[in-house]
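[1] Quick one, fold the following:
(chains A, B, C, D, E and F)
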Protein chains: 6
Amino acid sequence: MTHINAHVETNRLERGKRALAEIDGEAGRKVIAALADIAPDFADYILEFPFGDIYCRPGLDLRSREIATIAALAAMGNAQPQLKVHIEAGLNVGLSRQEITEILIQMAVYAGFPAALNGLFAAKEVFAARNAAI
Amino acid sequence: MTHINAHVETNRLERGKRALAEIDGEAGRKVIAALADIAPDFADYILEFPFGDIYCRPGLDLRSREIATIAALAAMGNAQPQLKVHIEAGLNVGLSRQEITEILIQMAVYAGFPAALNGLFAAKEVFAARNAAI
Amino acid sequence: MTHINAHVETNRLERGKRALAEIDGEAGRKVIAALADIAPDFADYILEFPFGDIYCRPGLDLRSREIATIAALAAMGNAQPQLKVHIEAGLNVGLSRQEITEILIQMAVYAGFPAALNGLFAAKEVFAARNAAI
Amino acid sequence: MTHINAHVETNRLERGKRALAEIDGEAGRKVIAALADIAPDFADYILEFPFGDIYCRPGLDLRSREIATIAALAAMGNAQPQLKVHIEAGLNVGLSRQEITEILIQMAVYAGFPAALNGLFAAKEVFAARNAAI
Amino acid sequence: MTHINAHVETNRLERGKRALAEIDGEAGRKVIAALADIAPDFADYILEFPFGDIYCRPGLDLRSREIATIAALAAMGNAQPQLKVHIEAGLNVGLSRQEITEILIQMAVYAGFPAALNGLFAAKEVFAARNAAI
Amino acid sequence: MTHINAHVETNRLERGKRALAEIDGEAGRKVIAALADIAPDFADYILEFPFGDIYCRPGLDLRSREIATIAALAAMGNAQPQLKVHIEAGLNVGLSRQEITEILIQMAVYAGFPAALNGLFAAKEVFAARNAAI
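    Presented below is the predicted three-dimensional model:
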């Protein structure tokens, strides 16, 4: 039974690993790696639940999912490292720089101008790093 | 000069009124009406800035804009009346009930299960009111 | 020693009671009363620390202190009952209805339009209750 | 394969159902039931991840886990229905009314007096409902 | 029509530029400049709406407006750069260092001791930079 | 009268100093010292209210109090320096590294995965600094 369990759980985990690689790319792999010596189980939960379960659900395309994530993280305003990862992810799944900028500008309406500003400055950093990497 | 000012501001205001009617519909009109005896100027700002300026910007379609707004309001979790207005708005601009439900489920990852739950219960109310209105 | 302690603590407590009565008035007394059967010690802490210590400090007048409190509670957006108490308090210490309305409108800039809207609707309720009481 | 998958997932789901019943009791079952017609998959995620995965982890006892949850929900201050469910849950896993009251009082230090007050009033409602049910 | 539009919008924009210069000073100009290569339109919105519209409204003096802004930003606790800009702004419009310190201390009551602490440390940095600039 | 007042307040202050030293240790003393040139009165309030009043209350043990504080600060996600101080404090009053890690993992459920991640990275820093200090 343990074997079957392990096998199936591996499937959920494996599906999450593939989704993380596709969506978050290198930035996501760094987060997982950084958890290795403090909470490796939590790295597995990240792979299994957000990526293996949620991002793999039908009913909403990945582009739309990243719009939702970027908006939420910018509005909450207390998760700047994760916002940067998902600005990267947005670019990875097909959002343009302009579209991401529009999402962040719009957050001024719902979460205030400081939230929008801090989101835009996060995007500026991500875009600059991408330019430098070319 | 006042006339020109008034004329141009009317344009911005008028553009916002049309956008509000298209996006938020009846729910938006009620919010504007409720401000009449406390802060009518703020009603104008709502029409001018979020609707006249932001929602009219090119670069991101209305469907994507409502995904961002629903996600942000559900994640912040302290603006339940506005979340309901924008679940309505999402339906008005072409999001399906399933897509809205997916956005709200996804918020469990970024803002916690209670935020997702309270968002889903808001959607349940809006969907039920729509069913009853048919 | 207990007697001296009690005597001095009573002074701090008494100072807080007078400040609460002056600032929050009837609304404040109701909050204190509502704590009697769940956490009477917490009622004392409210009287001693915010009212006995903070609001009695020199260096900032009560009118300015209520501007700060109304702004903070409206911006956080998760303490509607306390926001109403402090809109009352603002009126008690000399803020006009217009000034309170301006503070709440301004919160749209820093905490988003929903926070401002929910603050304005709280003010509308408080102002209407005052009108009814005349 | 589907069968094995279903079987194993059922195990995770079943473990979560048992944990939910033990921890949240009737209040938890109502939440799950309320999701049936809007997002039944999300009901499964609640059972699987928070209850099947997290609350079943060794390394921290249930009493300590409920202290953490009550504190977090009171401090965030935007999830009052879930706070009430977990005040119930705290009582179910062995916290006394006094201990819960102490946790909520302490939140005044970290999240402000309004957060503590609103938490205490939630506890007052839960305690009163328990008294009435006896 | 475009010309008139541009002319009138310039007026709103110009009014905002003057208000920003008076209130936020050099710190505000840096924010506007930093937006040039990521979202220049958003720089215009900042000038037009918060500064051209809101801060220019009669009904509440600038000193009171900065009390509200400092309190709100310290209470939300997720906009440290903007809090520093507005501590500067507070000094620019006539608040004393002591008054600003009192506002921040008071936030311990409504948003918790960490919010007050982080606000006070922001003020400490701003005050030190002013001392160094003399 | 001043003397008696001073004497009793000193007692409250002294009790708080002892509690701060026991609970927060060196990290707490640094916070108090950093306030000396900006708001020494606020340093006294920290000693008197959270430490002299709240942490000294019977009815909840220090270990449980630190569970509540770590959970609350991680969930709010906007007080990273204070979270680190209280991860230290948790170790000081008897929580194991594993228990602290479990509290932080659990916050994913109530405040989202980013809040849990940022909490875990704070713990990683604190644990590493402790290892280096040995």
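
[2] For stretch A:58-66, buried residues please.
    The neighbour-count check on stretch A:58-66 (16 or more other Cβ atoms under 10 Å in any protein chain shown) flags A:60, A:62, A:64-66 as buried. Using the backbone N, CA and C atoms, a C-beta is placed for each residue, glycine as well.

[3] Mind jotting down where the helices sit in chain A?
    Here chain A has its helices, by DSSP state H, at A:2-23, A:25-34, A:40-46, A:62-76, A:80-92, A:97-111, A:113-133.

[4] my guess is A:Thr101 meets E:Pro40, correct?
    No: counting by Cβ atoms under 8 Å, A:Thr101 stays clear of E:Pro40, with 10.5 Å between them.

[5] Those two: which is more packed in?
    Neighbours were counted for A:Thr101 and for E:Pro40 using other Cβ atoms under 10 Å in any protein chain shown; A:Thr101 has more, 23 against 10.

[6] So which residues on chain A come close to chain E?
    In this structure, chain A approaches chain E at residues A:76-78, A:101, A:104-105, A:108, A:112-118, A:120-121, A:123-124, A:127, judged by Cβ under 8 Å from any Cβ of the partner chain.

[7] Dead centre of chain A: give me the residue that sits there.
    The centre of chain A sits closest to A:His86, judged by Cα atoms, centre = their mean, with a distance of 3.7 Å.

[8] ok, now how distant is it from A:Lys17?
    As judged by Cβ to Cβ, to the nearest Å, A:His86 and A:Lys17 stand 18 Å apart.

[9] What of A:Gly28?
    Taking Cβ to Cβ as the measure, A:Gly28 falls 10 Å from A:Lys17.

[10] Can you pick out the residue with more neighbours from these two?
    More crowded of A:Gly28 and A:Lys17, by other Cβ under 10 Å: A:Gly28, with 23 against 19.

[11] residue contacts, the closest residue to A:Thr69 other than its chain neighbours?
    If the residues on either side of it in the chain are set aside, A:Thr69 comes closest to A:His86, at 4.8 Å by Cβ to Cβ, 6 or more residues apart in numbering or on different chains. For A:His86, the contact set (Cβ atoms under 8 Å, 6 or more residues apart in numbering or on different chains) comprises A:24, A:66, A:69-70, A:73.

[12] what's the spacing between A:His86 and E:Lys17?
    Separation of A:His86 from E:Lys17 (Cβ to Cβ): 34 Å.

[13] go on, A:Gly16?
    Per Cβ to Cβ, A:Gly16 is found 50 Å from E:Lys17.

[14] One more: A:Glu66?
    Remark: distance between A:Glu66 and E:Lys17 (Cβ to Cβ) = 35 Å.

[15] before we move on, what about A:Ile103?
    27 Å.

[16] likewise A:Val126?
    Taking Cβ to Cβ, one finds A:Val126 at 29 Å from E:Lys17.

[17] can you check A:Ala71 too?
    30 Å.

[18] what about stretch A:90-109, near chain C?
    Yes: interface with chain C: stretch A:90-109 contributes A:108-109 (Cβ under 8 Å from any Cβ).

[19] check contacts around the closest residue to A:Val93 other than its chain neighbours.
    Of all residues not flanking A:Val93 in the chain, A:Leu62 sits nearest, at 4.3 Å (Cβ to Cβ, 6+ apart). With contacts defined as Cβ under 8 Å, 6+ apart, A:Leu62 is in contact with A:23, A:55, A:93-94.

[20] Out of those residues, the closest to B:Glu48 would be?
    Taking Cβ to Cβ as the measure, B:Glu48 sits nearest to A:Gly94 out of these, at 32.3 Å.

[21] need the contact list for the nearest residue to A:Asn92 once chain neighbours are set aside.
    Leaving aside its sequence neighbours, A:Asn92 sits nearest to A:Gly25 (Cβ to Cβ, 6+ apart; 5.4 Å). For A:Gly25, the contacting residues are A:88-89, A:92, by Cβ under 8 Å, 6+ apart.
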